[in-house]
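Novice: Give me coordinates for this.
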Amino acid sequence: MDILRVLSYIGYSILCINIIVYFTGFAKNGKAYKVFVCYLVAIAIIQAIMEFYAHKGYNNHFLSNYYLLSRFIFLSLFFYYLFRTLKKHISQLVSIISVTIIIGLIIQYSIYPELYYEFNSLGFLVTATVLILYAVLYLYEMLSKKLPYYYTTVGIFLYMLSSAVIFASATSIVSFNDKINMYIWKLNAFLFIVYQLLILWEWKITFYPKITKQG
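Specialist: Below you'll find the predicted structure:
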């Protein structure tokens, strides 16, 4: 088994652990928490289907569009609910920007339907950039306030930054030699593990004590 597959399976395993542990507090926490759990479930399902298609030798590029949209919608809602109790004008900004981007993507797919069967490089770049912006705004608020989801937000920032570069240049990556190509995807798989570990650490620091006290 090659190192890329090993890294991928480690990332998927930690993702599944995160889904399980976060579900333990699903009913006890707010809307931002619930939306984030839905996000974890959505990407787990999509990645499982992508893995199945790859195993069967089917083209799974079209599934990246579902990954793009679900990731953006759920994480946008996540930040919307975080800012709604913090600064309403920022939450309104998040909603306006997010709805505009989603409408833009719908128009893009309507004009270029062939994108459904390809990596939407522009879509990944734009959505990842916007999510990075939301993460930066939330981290800025943390400079003066003690807020939850610090490690999660740092994870989102780091992973979105890397995925923006990787997926935005997906067409160029194909033209690289196999060694560089493999190195890029190994880096992406490693950063996904870091991302999931930060999410798990967030649960341990922020939510595990609450669960034990209420249990």
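Novice: average pLDDT for stretch 47-59?
Specialist: Average pLDDT, stretch 47-59: 85.
Novice: what's next to it, contact-wise?
Specialist: Ser8, Tyr12, Leu15, Asn60, Leu63, Ser64, Tyr67, Tyr117 (C-beta atoms under 8 Å, 6 or more residues apart in numbering). Every C-beta, even on glycine, is put in place using the N, C-alpha and C of the backbone.
Novice: at 7 Å instead, please
Specialist: Tyr12, Asn60, Leu63 (C-beta atoms under 7 Å, 6 or more residues apart in numbering).
Novice: Reformat the residues you listed as a markdown table; add neighbour count.
Specialist: Shown next, in a markdown table, are the contacts of stretch 47-59 (neighbours: other C-beta atoms under 10 Å):
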| residue | neighbour count |
| --- | --- |
| Tyr12 | 19 |
| Asn60 | 16 |
| Leu63 | 18 |
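Novice: Filter the residues you listed down to just the ones in strands.
Specialist: Taking DSSP state E, every one of the contacts of stretch 47-59 sits outside strands.
Novice: Now flag whichever of those residues is closest to Lys186.
Specialist: Tyr12 (15.1 Å; C-beta to C-beta).
Novice: Would you convert the contacts of stretch 47-59 into a markdown table that also reports distance to Thr129?
Specialist: Formatted as a markdown table, these follow (distance: C-beta to C-beta, whole Å):
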| residue | distance to Thr129 |
| --- | --- |
| Tyr12 | 26 |
| Asn60 | 25 |
| Leu63 | 22 |
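Novice: elements contacting the helix or strand containing Ile96?
Specialist: Element membership for Ile96, per DSSP states H and E: helix 88-111. Other elements packing on helix 88-111 under the criterion 3 or more C-beta pairs under 7 Å, 6 or more residues apart in numbering; DSSP states H and E are helix 63-84, helix 121-141.
Novice: tell me the centre residue of this structure?
Specialist: Against the mean C-alpha coordinate of the chain, by C-alpha atoms, centre = their mean, the closest residue is Arg71 at 5.0 Å.
Novice: Please verify my assumption that that one contacts Ile43.
Specialist: Yes. Counting by C-beta atoms under 7 Å, Arg71 touches Ile43, with 6.3 Å between them.
Novice: Relative to Met182, how far out is Ile73?
Specialist: For Ile73, the distance to Met182 (C-beta to C-beta, to the nearest Å) stands at 31 Å.
Novice: of these two, who's got more company?
Specialist: Ile73 (18 against 14; other C-beta atoms under 10 Å).
Novice: pLDDT score for that one?
Specialist: 97.
Novice: what about the closest residue to it other than its chain neighbours, neighbour count?
Specialist: Spatial nearest neighbour of Ile73, chain neighbours left out: Ile102 (7.1 Å); criterion: C-beta to C-beta, 6 or more residues apart in numbering. Using other C-beta under 10 Å, Ile102 has 15 other residues around it.
Novice: Relative to Ile205, how far out is Ile102?
Specialist: Note on Ile102: its distance to Ile205, by C-beta to C-beta, is 32 Å.
Novice: With His89 instead?
Specialist: 29 Å.
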